[in-house]
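Participant: No sequence on hand, only this structure:
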């Protein structure tokens, strides 16, 4: 088995995918990673599916040019809009996408009521609806889009009064209907899990899909013989189409990492480093 030290690429509209990067880093510390935040277009949730798909293809082209060996679409909205076509466009490149963890929630619920917090695009996507249809028969699935929550997290406001108000409007009606599992259907939302637990109480399970996504990364690394053999900690490159200094601040606040962040710009549908 030969070492493959090419990077794993991860991308999101903003800082949300850092919840996935954190899980991948925890499980595979020797892997080199490239993370792209398309903050020029955050949030992806309200954008048309065709636009999100076009942006996703542009980011993947950039990652392929950086020799990525595997790509994690660390964004539920982008996964819903683009994952199927990305796999068709790059048949030899392994992809891991995001799928709201409705299956484990539905299998493990005692009350028969589960809640999902996600963006409108995720709820409207074929991937989400097929998951509910296949695995949540006989279970009541309550949904909420938490308008404004992604913006709050992008500003680092993960524990303030406005963020709590957004979450209470979503969660209190679910609690009144007997929910016992709450699924994070957007990669931004795990950063407010402490606040969610404060609202719902210790008896309600809050499900973060990031560890399961990281395990799938591991399965594909093994399947395609792509494991790194660095013998030490892999390097992480962070890039954003937004403000690198603000992204650096959020990196420290959200995941405790200090790193230089490079600036990317969109030029005629292509990402270019500045």
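Facilitator: Perfect, I can see it now. Quantities reported herein were computed from a predicted structural model and do not represent experimental measurements. Numbers count the residues shown, from 1 in each chain.

Participant: going forward, measure contacts between C-alpha atoms and count neighbours the same way
Facilitator: Will do.

Participant: so residue 46 is in which element?
Facilitator: Per DSSP states H and E: residue 46 is located in neither a helix nor a strand.

Participant: residues touching the nearest residue to residue 100 once chain neighbours are set aside, list them.
Facilitator: Leaving aside its sequence neighbours, residue 100 sits nearest to residue 185 (Cα to Cα, 6 or more residues apart in numbering; 4.7 Å). Going by Cα atoms under 8 Å, 6 or more residues apart in numbering, residue 185 touches 76, 99-101, 116-119, 122.

Participant: Can you tell me how far residue 185 is from residue 239?
Facilitator: Distance from residue 185 to residue 239, counting by Cα to Cα, to the nearest Å: 24 Å.

Participant: still on that earlier bit, for the contacts of residue 185, work out which two are farthest apart.
Facilitator: 101 and 119 (14.3 Å; Cα to Cα).

Participant: unless I'm mixing things up, residue 254 is touching residue 189, no?
Facilitator: No - taking contacts as Cα atoms under 8 Å, residue 254 lies outside contact range of residue 189: 11.6 Å.

Participant: Settle it for me: which of these two has more neighbours?
Facilitator: Taking other Cα atoms under 10 Å, residue 254 and residue 189 do not tie; residue 189 has more neighbours (22 against 17).

Participant: Please parse this protein into its domains.
Facilitator: The chain is divided into the following domains under automatic domain parsing: 8-98+211-273, 102-208.

Participant: and those domains as CSV, adding mean pLDDT?
Facilitator: Listed next are the domains of the chain as CSV, based on pLDDT from 0 to 100:
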stretch, mean pLDDT
domain 8-98+211-273, 96
domain 102-208, 96
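
Participant: what about the strands in the stretch 1-150 of the chain?
Facilitator: 8-12, 33-37, 70-73, 95-96, 113-117, 140-144 (DSSP state E, counting those that start in this stretch).

Participant: any idea which of those is most buried?
Facilitator: Mean neighbours per residue, mean count of other Cα atoms under 10 Å, is largest over the strands of the stretch 1-150 of the chain for strand 8-12, with a mean of 28.

Participant: Tell me which strands it pairs with, and in which orientation.
Facilitator: Strands adjacent to strand 8-12 in the sheet, as given by DSSP bridges, are strand 33-37 (parallel), strand 70-73 (parallel).

Participant: wait, which of these is closest to residue 209?
Facilitator: strand 70-73 (13.0 Å).

Participant: now that closest one: how far from the chain's centre is it?
Facilitator: Offset of strand 70-73 from its chain centre (Cα atoms, centre = their mean, to the nearest Å): 11 Å.

Participant: Residues touching that strand, excluding its own?
Facilitator: Applying Cα under 8 Å, 6+ apart, the contact partners of strand 70-73 are 7-12, 60, 63, 79, 83, 93-98, 217.

Participant: if you set the cut-off to 7 Å instead, what comes out?
Facilitator: Strand 70-73 is touched from outside by 8-12, 79, 93-98, with contacts defined as Cα atoms under 7 Å, 6 or more residues apart in numbering.

Participant: Then stretch 80-95?
Facilitator: Contacts for stretch 80-95 (Cα under 7 Å, 6+ apart): 49, 52-53, 56-57, 69-72, 97, 122, 125-127.
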